[in-house]
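Participant: Quick check, what structure comes out for this input:
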Amino acid sequence: MSESSYYRDHWLTVEPERLAAYEELFRWRPQQEPLLAPAQLAPGQRVADYGCGPGHLAVELARRVGPGGHVHALDLNAEFVRRTRARAEAEGVADRLTVHPITSDGIPPLPALDRIVCKNVMEYVPDAAATLAEFRRVLPPGGLAHVIDSDWGLLAVEPLGEARTAELLAAARHAYRTPQIGRQLHRLFRRAGFRDVQVQVLASPDLKGYMAPVVWNLVGYARASGKLAPALLDAIVADVKRAIEAEEYLLLLPQFLVTGTA
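Facilitator: Modelled structure (predicted):
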């Protein structure tokens, strides 16, 4: 993969180790409820899940819209498409969840939507402003776009400390098109023509290790870049694992929740 397009290419082909990490990282947990609250989801709605990944969120959305609603899940990755379809079947919501493989950043023709939900995807798209303009194009008046995304400039990982965390992020920088997208979303929503743009920032620390795959992915990206010595990366992994076992670990990655009305 070219470093200049790695931020996109590494989503087209996801190796088994990273797939396993995403299955754990993207699993829907009750404590994530505040992430969806601003979207004002309700039974009967038609919702697009833009960048659905392995389908955990899409299935949760399908539960919320109920038998009278419908979810359209979109993703570039063929394995994510397959897993989302399989997950919908296994969870009994396949009748209200359609998965669409896409090959571009545009949204294909769909029935009229009430909501677009986009979780931890905007940091990877080639042009976040163009993607939000696409959301605005397909939503009818009164429809809501709800984007959840990180701001990697605010990441804290203990026991790594500030210097090692910054060094790791710098070595993994090529994996993100816009790593500080969180703080930019308010401005981009406004410029895309959304009204009543609301911003929340949730900063709930992980003390148990369920978000440790974030660190493992950063280490993998840094290995691919060759910018840090393998021994240093091995030490980062070992230190984080020891901190989890000793109950001294903390990971904090604030999530920006931005919602706008078409």
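
Participant: where does the stretch 1-150 of the chain dip in pLDDT?
Facilitator: Along the stretch 1-150 of the chain, the parts satisfying pLDDT under 70 run over 1.

Participant: hmm, 90 instead?
Facilitator: For the stretch 1-150 of the chain, residues meeting the criterion pLDDT under 90 lie at 1-4, 9-10, 13-22, 24-25, 29-31, 104-105.

Participant: Let me see the ranges of the strands in the stretch 101-250 of the chain.
Facilitator: For the stretch 101-250 of the chain, applying DSSP state E, counting those that start in this stretch gives strands covering 115-119, 144-150, 156-158, 195-202, 250-252.

Participant: so can I have CSV of the ones you listed showing distance to G55 and mean neighbour count?
Facilitator: Bear in mind the C-beta positions are built from the backbone N, C-alpha and C, glycine included. Formatted as CSV, the strands of the stretch 101-250 of the chain follow (distance: least, CB to CB, whole Å; neighbours: other CB atoms under 10 Å):
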stretch, distance to G55, mean neighbour count
strand 115-119, 12, 24
strand 144-150, 16, 25
strand 156-158, 28, 19
strand 195-202, 23, 14
strand 250-252, 24, 17
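
Participant: Identify the single longest helix in the protein, thanks.
Facilitator: helix 230-245 (DSSP state H).

Participant: Can you list the neighbours in contact with it?
Facilitator: Residues from elsewhere that reach helix 230-245 (CB atoms under 8 Å, 6 or more residues apart in numbering): 157-160, 164, 168, 208-209, 212, 215-216, 219, 222-223, 249.

Participant: Filter these down to just the buried residues.
Facilitator: Neighbour counting over the contacts of helix 230-245 (16 or more other CB atoms under 10 Å) leaves 157-158, 160, 164, 168, 209, 212, 215-216, 219, 222, 249 as the buried ones.

Participant: Distance to R18 and pLDDT added to those residues, as CSV?
Facilitator: Below are the buried ones among the contacts of helix 230-245 laid out as CSV (distance: CB to CB, whole Å; pLDDT from 0 to 100):
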residue, distance to R18, pLDDT
V157, 18, 98
E158, 24, 97
L160, 20, 98
R164, 22, 97
L168, 16, 98
G209, 17, 95
A212, 14, 96
V215, 13, 97
W216, 8, 95
V219, 11, 97
A222, 13, 96
Y249, 21, 98
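
Participant: what's the closest of the residues you listed to P108?
Facilitator: The nearest member of the buried ones among the contacts of helix 230-245 to P108, counting by CB to CB, is W216 at 33.2 Å.

Participant: Once you drop chain neighbours, what's closest to that closest one?
Facilitator: The shortest distance from W216 to any non-neighbouring residue, by CB to CB, 6 or more residues apart in numbering, is to A21 (5.7 Å).

Participant: where's that neighbour, which helix or strand?
Facilitator: In the assignment (DSSP states H and E), A21 maps to helix 16-25.

Participant: Which other helices and strands does that helix contact?
Facilitator: helix 212-225 (3 or more CB pairs under 8 Å, 6 or more residues apart in numbering; DSSP states H and E).

Participant: packing partners for the helix it packs on?
Facilitator: Going by 3+ CB pairs under 8 Å, 6+ apart, helix 212-225 lies up against helix 16-25, helix 161-171, helix 230-245, strand 250-252.
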